[in-house]
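**Student:** Give me a model of this one.
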Amino acid sequence: MYIWKYLQTVLISFFLIASAFTSAGNHQLDINTASAVQFAEHLNGVGAKKATAIVAYREQLGGFTDLEQLKDVKGIGEGIFAKNRDRIMLSLPAAPASGPEMKPEAESEPAS
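**Tutor:** Prediction:
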């Protein structure tokens, strides 16, 4: 009985660990919505300083329109980009407002 319980515990632990690694490997980070903390945690070779630079550059651009733009961030070169290419994805940035709000024209009075 004791051996069976021990075996069950070991098997359950194995499957939980395996599923955690499997789901972690499939996670892609959206570079237009990720926080600096998420960049630092999920990307290889990216610490707090580079992660903050990515977010600042994204805000300056108004959002990334191409994954390759990530290489324009200071400290993110071809090597770091290549190591993380399969870990990132891109959603398009929100469309900017189309100008000032239009107000309805005042109705003109009929000519008398």
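**Student:** which residues of this structure fall in strands?
**Tutor:** In the chain, the segments counted as strands under DSSP state E are 29-30, 88-89.
**Student:** Let's have those in a markdown table, adding mean neighbour count, distance to residue 37 and mean pLDDT.
**Tutor:** Bear in mind the C-beta positions are built from the backbone N, C-alpha and C, glycine included. What follows is the strands of the chain, written out as a markdown table (neighbours: other CB atoms under 10 Å; distance: least, CB to CB, whole Å; pLDDT from 0 to 100):
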| stretch | mean neighbour count | distance to residue 37 | mean pLDDT |
| --- | --- | --- | --- |
| strand 29-30 | 15 | 11 | 96 |
| strand 88-89 | 16 | 16 | 96 |
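**Student:** Count the neighbours of the nearest residue in space to residue 48 that is not next to it in sequence for me.
**Tutor:** Once flanking residues are discounted, residue 48 sits nearest to residue 40: 5.3 Å by CB to CB, 6 or more residues apart in numbering. Applying other CB atoms under 10 Å, we find 17 residues neighbouring residue 40.
**Student:** Contacts only, for residue 40.
**Tutor:** For residue 40, the contacting residues are 46, 47, 48, 50, 51, by CB atoms under 8 Å, 6 or more residues apart in numbering.
**Student:** still on that earlier bit, looking at the strands of the chain, spot the one closest to residue 69.
**Tutor:** strand 88-89 (11.2 Å; CB to CB).
**Student:** so what secondary structure elements neighbour the closest one?
**Tutor:** In terms of contacts (3 or more CB pairs under 8 Å, 6 or more residues apart in numbering; DSSP states H and E), strand 88-89 is packed against strand 29-30.
**Student:** partners of the strand it packs on, with directions?
**Tutor:** strand 88-89 (parallel) (DSSP bridges).
**Student:** ok, and what's touching the strand it pairs with?
**Tutor:** Contacts of strand 88-89 (CB under 8 Å, 6+ apart): 28, 29, 30, 31, 43, 67, 70.
**Student:** If we use 7 Å, what do you get?
**Tutor:** 28, 29, 30, 31, 67 (CB atoms under 7 Å, 6 or more residues apart in numbering).
**Student:** Right, I'll leave it there.
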